[in-house]
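Engineer: Predicted coordinates and the sequence they were generated for:
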Amino acid sequence: MSSLYKIGLLLIALSISSGNTYAAEELYPEYEEPQVVFDFYFDDPKHIASALYWVRATINPLLDAPYDMAPEMMDVVVMIHGTEIVTLAKHNYQKYQESVERMRYYHSLGVEFRACRLAATDYDYLPDDLYDFVTLVPSAPTDLVQLQMQGYALITPMVRSKKYSIAEIR
């Protein structure tokens, strides 16, 4: 037996005798205040509900210990320019109520929601047709470029259709 192999066996024996159950280790890296833009461009408006979880997964851990960042320390923009723009139209509130209320909540935490004026025009929406937490920009692609040039990290959520519930595959 090689000495390296013997050392490995000894370490395993010590771990077992000390009660180590090989649980996952938690890591809390030092994170800086985020400066991020989310690019929402989906082929189905209902996908905005899943994409908003990407926003939650980015900001919620930073609000909690050990980071305890205040919302105003985060610079988060959501750019909307696909079919999901219909969720921003006031007349569609009943259909997309859950997503609208989540966007309102994130907006209250400082998340900025921007929509493409070109896309809004394609859907015949005027500024008054959209919620007051939305800012129209001339062009989403142009704005995305400008934000990245200012140092914003780009996140493009991948939204897939869920085939199984968590309970089914756990």
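Structural biologist: Good, I have the coordinates. Numbering: from 1, shown residues only.
Engineer: buried residues in stretch 22-38?
Structural biologist: 34, 36-38 (16 or more other C-beta atoms under 10 Å). Where C-beta positions appear, they are placed from N, C-alpha and C, glycine not excepted.
Engineer: export the residues you listed to CSV and tack on secondary structure?
Structural biologist: Output for the buried residues of stretch 22-38, formatted as CSV (DSSP: H, G, I helix; E, B strand; the rest coil):
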residue, secondary structure
34, coil
36, strand
37, strand
38, strand
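Engineer: Am I right that residue 114 is in contact with residue 138?
Structural biologist: No. Assessed by C-beta atoms under 8 Å, residue 114 is found out of contact with residue 138, at 10.5 Å.
Engineer: follow-up on the earlier one: quick check: of the buried residues of stretch 22-38, which lies closest to residue 142?
Structural biologist: Taking C-beta to C-beta as the measure, residue 142 lies nearest residue 37 of those, at 12.6 Å.
Engineer: The closest one is in contact with residue 145, isn't it?
Structural biologist: No. Contact criterion C-beta under 8 Å: residue 37 and residue 145 do not qualify, at 10.3 Å.
Engineer: what about stretch 154-164, average pLDDT?
Structural biologist: Stretch 154-164 comes out with an average pLDDT of 85.
Engineer: now do stretch 23-39
Structural biologist: Per-residue scores along stretch 23-39 average to 89.
Engineer: can you check stretch 121-141 too?
Structural biologist: pLDDT averaged over stretch 121-141 gives 97.
Engineer: roughly how far is that stretch from the heart of the chain?
Structural biologist: Taking C-alpha atoms, centre = their mean, to the nearest Å, one finds the center of stretch 121-141 at 21 Å from the center of the full chain.
Engineer: Same check on stretch 24-34?
Structural biologist: With C-alpha atoms, centre = their mean, you get 17 Å for stretch 24-34.
Engineer: Identify all contacting residues around that stretch.
Structural biologist: Stretch 24-34 is contacted from outside by 58-59, 62, 66-67, 69, 73-76, 153, using C-beta atoms under 8 Å, 6 or more residues apart in numbering.
Engineer: The residues you listed into JSON lines, with extra columns for distance to residue 45, neighbour count and secondary structure?
Structural biologist: Formatted as JSON lines, these follow (distance: C-beta to C-beta, whole Å; neighbours: other C-beta atoms under 10 Å; DSSP: H, G, I helix; E, B strand; the rest coil):
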{"residue": "58", "distance to residue 45": "22", "neighbour count": "17", "secondary structure": "helix"}
{"residue": "59", "distance to residue 45": "23", "neighbour count": "20", "secondary structure": "helix"}
{"residue": "62", "distance to residue 45": "28", "neighbour count": "18", "secondary structure": "helix"}
{"residue": "66", "distance to residue 45": "37", "neighbour count": "8", "secondary structure": "coil"}
{"residue": "67", "distance to residue 45": "33", "neighbour count": "14", "secondary structure": "coil"}
{"residue": "69", "distance to residue 45": "31", "neighbour count": "16", "secondary structure": "coil"}
{"residue": "73", "distance to residue 45": "31", "neighbour count": "14", "secondary structure": "helix"}
{"residue": "74", "distance to residue 45": "26", "neighbour count": "18", "secondary structure": "coil"}
{"residue": "75", "distance to residue 45": "26", "neighbour count": "17", "secondary structure": "strand"}
{"residue": "76", "distance to residue 45": "21", "neighbour count": "22", "secondary structure": "strand"}
{"residue": "153", "distance to residue 45": "25", "neighbour count": "12", "secondary structure": "strand"}
